[in-house]
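>>> sequence plus the predicted model coming up.
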Amino acid sequence: MRQSAYWATAVIFALATTISASEPDNYRYKKSIDKGQAKEVKTDIEFLAGEFYLDNTSTSLANCFYGNSNEFLRPGLIYHEVGKTGYLRVESESNKEKRMEDFGDNEWRLSINPDVPNSVSIRLKAGEAHIDLEGSRLNRFDYKMMAGESNINLRNTSVPEVMFSMMAGEANLDLSGRWHNDLEAIIKGGVGELDLKVPYDVGVRIFVSGLIGEVDIPFFKRNGKTYTNDAYGRSKHTLFINIEAGIGEVNVKMVE
């Protein structure tokens, strides 16, 4: 009985997903999901290839714009609620007739609601990711990308847990801003470059292991593989960041 109610709810929200003329104008399609009764949301996103944009400008639960070229992958959106928790899944619909390389012009622009607490999990195969969730209420951020370029802004989110993994490419990750709790972050890289921003007035401890390349963490005290800033041990909260890198560069910058 409980399982039947689960799928009935999922079908209701799937049917509530609408497709209409897109905003902005360069997208041909829009899918929207309205708010339900959930007090928190767990979002799972899987993107195959192309350019992926995620921001927090939605006044609904989520909006997805896509189809700005002739070759695009339709996103499948489904949302259901169990108790006070909502589950949102966005994934590329399969197209067996084409290869991943055929969707180089594929582009999605996904927006979520910044006021709804959210645990966001993102998996991308290849391309470019532009993620701006500044000021969102995040419970967790989990990101995996095989190859490409990632630009991620988590400033002023005070997210307590971050998991970041990228096999090859370049990544810019912003963890600066105000913090109301500690952070536990694990950053894994293969081959490439990582540029990381952290706040200067919050304690930061960075442990770097496995890197064959350059480490540039100015104004931090170094003790073996551990780096700490002047605010470490003095501020109310601390950012604990473990960087497990392969071959490449790690650059850390403190900002206001």
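Looks like it arrived, so ask away. Numbers count the residues shown, from 1 in each chain.

>>> what lines up beside the host helix or strand of residue 191 in the sheet?
With elements taken from DSSP states H and E, the one containing residue 191 is strand 183-199. Strand pairing for strand 183-199, determined by DSSP bridges: strand 161-174 (parallel), strand 238-244 (parallel), strand 247-255 (parallel).

>>> quick one: neighbours of residue 76, just the number.
16 (other Cβ atoms under 10 Å). C-beta: built from backbone N, CA, C; applies to glycine.

>>> same question, residue 117
16.

>>> for residue 142, same thing?
For residue 142, using other Cβ under 10 Å, the count is 16.

>>> quickly list what it is bridged to.
In beta-bridge terms (that is, DSSP bridges), residue 142 pairs with residue 121, residue 163.

>>> chain center to the strand holding residue 191: distance?
Remark: strand 183-199 is offset 13 Å from the chain centroid, using Cα atoms, centre = their mean, to the nearest Å.

>>> picking that back up, out of the strands paired with strand 183-199, flag the one nearest residue 137.
Taking Cβ to Cβ, strand 161-174 is the member of those nearest to residue 137, at 13.6 Å.

>>> contacts for the closest one?
134, 139-155, 175, 183-197 (Cβ atoms under 8 Å, 6 or more residues apart in numbering).

>>> from the residues you listed, which would you call buried?
For these, a neighbour count by 16 or more other Cβ atoms under 10 Å gives the buried set as 134, 141-155, 175, 183, 185, 187-189, 192-197.

>>> what residues go with each domain of this structure?
1-153, 163-256 (automatic domain parsing).

>>> hey, least reliable of those domains by pLDDT?
Ranked by mean pLDDT, these bottom out at domain 1-153, with a mean of 79.

>>> relative to the whole chain's centre, how far out is it?
That offset, for domain 1-153, works out to 11 Å (Cα atoms, centre = their mean).

>>> hmm, back to that, a markdown table for the strands paired with strand 183-199, including mean neighbour count and distance to residue 122?
A markdown table is the format used below for the strands paired with strand 183-199 (neighbours: other Cβ atoms under 10 Å; distance: least, Cβ to Cβ, whole Å):
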| stretch | mean neighbour count | distance to residue 122 |
| --- | --- | --- |
| strand 161-174 | 20 | 10 |
| strand 238-244 | 19 | 19 |
| strand 247-255 | 17 | 21 |
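
>>> now the ones you listed as a markdown table including distance to residue 65?
Listed next are these as a markdown table, based on distance: least, Cβ to Cβ, whole Å:
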| stretch | distance to residue 65 |
| --- | --- |
| strand 161-174 | 23 |
| strand 238-244 | 33 |
| strand 247-255 | 31 |
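
>>> can you say which of these is nearest to residue 219?
strand 247-255 (6.3 Å).

>>> name the residues that touch the closest one?
By Cβ under 8 Å, 6+ apart, strand 247-255 touches 176, 189-200, 204, 206, 208, 211-220, 227, 229, 243.

>>> can we see that at 7 Å?
176, 189, 191-200, 206, 208, 211-217, 219, 229, 243 (Cβ atoms under 7 Å, 6 or more residues apart in numbering).
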